[in-house]
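Colleague: have a look at this fold, sequence not included:
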């Protein structure tokens, strides 16, 4: 488990951060929760809360609404804007006569609320439920990261595509945003960039890494990877949208793709979006067998292939508009955050090299 998660999430003492500008309130909560299985931390204002959450990674935050300067609503809003804290349980502490605080808290992403003065038994029960939920999401996050690391192992086997997965994650999200997709779909596209070829882990190296064209039998084996990849990821509920990308990213608008021969709108929308950025990356990136093509050639080929029935013409039109009028949007930002899966992959690679060197 990495630093992005709680050090206590695997089953040890859970960290609870109490954020309240009133020392008496913090002391009361500490007395209640400290007598249980919790490690209680404190912050006396909104700014201190943001700093402590970033540094200490609590399992649950008890956040008072009414604080001077940065109130609890704003703290919650800022936390939910950060990917790493979207699932952090935040329990708002509200006054009994302030129902609007509850509404506003839920609107900005609060997980639960408790009214003051609170009942000690209820407080403990709510915090325990939040801790259990946090530990469950952490375990799911670990499972996802292992899948991502496995996908990067497949990518590294090739060694010719560079940061192909990261580029596809970025490109597909840019296109998804241009199409007005909601957050859950954008997240599925981001995951699809990493996981789309994970099924190649089951392809023998003799086929996967073969120089030159595959024969008919080898090509039949290669065409199994979308189905295999979808199977590997289908057990996770968080992957439901992403599984369609994995399974159908080699279909074609005219029905000439694989594995199912779907055509037109029968191909799931996210897979159609992903197909476009996948072919764009193949054309615009340098490979051992070809140079990176100039933008004019990429645009020409995309239009020609769309006319031949390969790609969704409406999605291509949106993508070409970006490519022709705002191509800088397609570049991965220099300050892009490194993913957990990349760290895990490099840890696995490092351990493997160390083991090999000891032999």
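Modeller: Here it is on my side, so go on. Model, not experiment: these values are computed from the prediction.
Colleague: for the protein, which helix is longest?
Modeller: helix 120-158 (DSSP state H).
Colleague: buried residues in that helix?
Modeller: Buried residues in helix 120-158, defined by neighbour count with 16 or more other CB atoms under 10 Å: 123-124, 126-128, 130-131, 133-135, 137-138, 141-142, 144-145, 147-155. Any C-beta I mention is one placed from the backbone N, CA and C, and that applies to glycine too.
Colleague: what do you get for stretch 297-308?
Modeller: Here stretch 297-308 shows 298, 299, 302, 305, 306 as buried, counting by 16+ other CB under 10 Å.
Colleague: model confidence over the one helix or strand the last one maps to, on average?
Modeller: Counting by DSSP states H and E, the element that carries residue 306 is helix 295-307. Confidence for helix 295-307, expressed as mean pLDDT, is 96.
Colleague: same thing with stretch 237-244?
Modeller: 87.
Colleague: report the residue ranges of every domain in this structure.
Modeller: Here the domain parsing of the chain from automatic domain parsing is 14-137, 164-331.
Colleague: show me the shaky parts of the stretch 201-350 of the chain.
Modeller: Where the stretch 201-350 of the chain drops to pLDDT under 70, the residues are 288-289, 334-350.
Colleague: repeat the analysis, applying 50 as the threshold.
Modeller: 337, 340, 344-350 (pLDDT under 50).
Colleague: helices of that one, residue ranges please.
Modeller: Per DSSP state H, counting those that start in this stretch, the stretch 201-350 of the chain has helices spanning 205-208, 216-222, 225-233, 240-248, 269-284, 295-307, 313-325, 340-358. These are given in chain order.
Colleague: can you get me a residue count around residue 291?
Modeller: Residues lying near residue 291 (other CB atoms under 10 Å) number 8.
Colleague: same question for residue 318.
Modeller: Residue neighbour count, defined by other CB under 10 Å, stands at 16 for residue 318.
Colleague: that one contacts residue 176, correct?
Modeller: No. Using CB atoms under 8 Å, residue 318 is not in contact with residue 176; the gap is 10.0 Å.
Colleague: can I get the helices of the stretch 201-350 of the chain in TSV with distance to residue 90?
Modeller: Output for the helices of the stretch 201-350 of the chain, formatted as TSV (distance: least, CB to CB, whole Å):
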stretch	distance to residue 90
helix 205-208	45
helix 216-222	47
helix 225-233	29
helix 240-248	25
helix 269-284	30
helix 295-307	44
helix 313-325	36
helix 340-358	22
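Colleague: residue 78: what secondary structure?
Modeller: helix (DSSP: H, G, I helix; E, B strand; the rest coil).
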